[in-house]
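Novice: Got a predicted structure plus its sequence, pasted below:
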Amino acid sequence: MFIDVKPLDPQQLKTWLTAAGKRDATAFRHLYDATSSKLFGFALRILNKRELAEEVLQESFVAIWNNAATYQSHLAAPMTWMATIVRNKAFDHLRRSDVSVEIDAEQFDSEIMNALQDPQRTPIEALQLSGDAKALAWCMSALEGLHRQTVALAFYHDLSHSEVAEHLKLPVGTVKTWIRRSLEKLRTCLAKREQV
Amino acid sequence: MNIRNNVVLRQKLAAEYVLGTLRGGARRRFEGWMHNDADLRNIAAAWQQRLAPMAEFAGDVVPPRSVWTGIERRLNLKGAAASGLKAWFSESLTFWRSLGVVSTGLAAMLLVLVLSKTGVESPSINYVATLTDDKAQNALLVTADRSNRALDVRVITSAQVAADKSLHLWAVPKAGKPRSLGVLAGNRGRFELKDSAISDDVTVLAITLEPKGGSPDPNGPTGPILYKGNWVRL
């Protein structure tokens, strides 16, 4: 059931994003077509409500258009830049609207979850992810399951150490340590992969 | 606390800042340090680059067509030339309404930073605004000195403006058109403070990206908003 989708080519995305910064609406449309399903999936996973996720996606692309001229390619890959905008908008919405979000047991897509848990059986290379995301997946698969979950919860749900602890029924000190160590491990692992 | 020489702590704080687990006062302090520490900003950007790809782990979901048509309508992409200003304005209002007063504390803190550096002239500051970009990164500091009728603008972001563009500063009233306050020629601007800039109905300042020399439209901006922030009376 593989559909032949080209993985998101950062160079191509960068070209479109730069053109959008110069008010090129066609390039902006291409950018939307290439990235909207990834970004919508992300917004939906954070917000858990379709309507809200649609609104956030729309607002995010309006912001992407309005700010494309300030995008600095040496600081962030295009997907990183756009995903950060979506994440901030989604969190803003949650803080403003005061709706509490039902937190799913899993933050990640089940196939990706399988790959993270057992990369032997579900190879990371076969996933439809950008190169950056594959590298991160590979490094996250090396973390222990619960440690990985603390990082994922904080990233997807804007949770503090104590909120993560409450959610997982763990002491807050444990959560702090796990998150700190996981982040250190990710940095070392990603740096190693870059050198290869 | 000085974290400049503490390599381990700089990494740890930047990572938790990006992840979101750095909270409250610690988060605000970190944001303060980032202002005049380019290396720390780079460390945080590197963490953003490491962690943000986690967004893709959510899996793809195709959004309904209505999302794109909504974007097209809000940005007026179809007939862009015709009523660009109107679209710009209604869009901007939505942005600004959502802004809240979060930046007030930060503005005050920045002001302290700036004043402590330029203590000699010690102007009297009556108004202050920290203009931030869409990711809430501080970009410009604007202060007004009523007794000297001076409006002072400092660029505190490292973002570069293209050679054929200019940054244009506007006062945004609650109703009506934005009022031009000045066009920046470099990283620092000093303009005459007009009454229209500090009348009671102006609560927000904004910077738009315009062709070199400022907006060609005498009635208002033509380009996208890059930065905005609350105009706070001290």
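Specialist: Structure's in. What do you need?
Novice: Just give the nearest non-adjacent residue to residue B:58, would you?
Specialist: Sequence neighbours aside, residue A:45 is the residue nearest to residue B:58 in space, at 3.8 Å (criterion: CB to CB, 6 or more residues apart in numbering or on different chains). (C-beta placed from N, C-alpha, C; glycine too.)
Novice: what comes up buried for the strand or helix carrying that neighbour?
Specialist: Here residue A:45 is covered by helix A:25-47, with elements defined by DSSP states H and E. Neighbour-count burial for helix A:25-47, counted by 16 or more other CB atoms under 10 Å in any protein chain shown, picks out A:27-32, A:34-47.
Novice: Looking at the residue in chain A positioned nearest to chain B now. What's its pLDDT?
Specialist: Residue nearest to chain B within chain A: residue A:109 (2.9 Å; CB to the nearest CB). Looking at residue A:109, its pLDDT stands at 84.
Novice: and if you look at the one 3 residues further on?
Specialist: Here, the pLDDT recorded for residue A:112 equals 86.
Novice: which residues of the chain fall in helices?
Specialist: Went with chain A since none was named. Along chain A, counting by DSSP state H, helices occupy A:10-21, A:25-47, A:50-67, A:78-97, A:110-117, A:131-141, A:145-157, A:161-168, A:172-195.
Novice: actually chain B
Specialist: For chain B, helices defined by DSSP H occupy the ranges B:7-19, B:24-35, B:38-51, B:65-75, B:84-97, B:103-117, B:195-198.
Novice: domain assignment for chain B?
Specialist: B:7-56, B:84-233 (automatic domain parsing).
Novice: Any idea which of those domains has the lowest pLDDT on average?
Specialist: Set side by side, those show their lowest mean pLDDT on domain B:84-233, which sits at a mean of 74.
Novice: near chain A at all, that domain?
Specialist: Yes: shown here: domain B:84-233 in contact with chain A (CB under 8 Å from any CB of the partner chain) through B:91, B:98, B:133-136, B:159, B:162, B:165, B:209, B:224-226.
Novice: cool, and stretch B:12-24?
Specialist: Yes: under the criterion of CB under 8 Å from any CB, stretch B:12-24 makes contact with chain A via B:12, B:15-16, B:19-21, B:23.
Novice: which outside residues touch the helix-or-strand element of chain A with minimal mean pLDDT?
Specialist: Of the helices and strands making up chain A, the lowest-confidence element is helix A:110-117, at a mean of 85, by mean pLDDT, DSSP states H and E. Contacts of helix A:110-117 with the rest of the structure, by CB atoms under 8 Å, 6 or more residues apart in numbering or on different chains, involve A:106, A:108, A:121-124, A:127, A:129, A:137, A:140-141, A:145, A:148, B:57, B:59.
Novice: Using CSV, write down the CA coordinates of it.
Specialist: Taking only C-alpha atoms (Å, rounded to 0.1, in the frame of the first residue of the first chain), the coordinates of helix A:110-117 have been written out as CSV:
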residue,chain,number,x,y,z
SER,A,110,0.8,4.0,15.2
GLU,A,111,3.1,3.0,12.4
ILE,A,112,5.7,5.5,13.6
MET,A,113,5.2,4.3,17.2
ASN,A,114,5.9,0.7,16.0
ALA,A,115,9.1,1.9,14.3
LEU,A,116,10.3,3.7,17.4
GLN,A,117,9.6,0.7,19.6
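Novice: burial of residue 12, as a residue count?
Specialist: Answering for chain A, as no chain was given. Here the count is done by other CB atoms under 10 Å in any protein chain shown, and residue A:12 has 14 residues near it.
Novice: Oops, wrong one, chain B.
Specialist: By the measure other CB under 10 Å, the count of residues near residue B:12 is 17.
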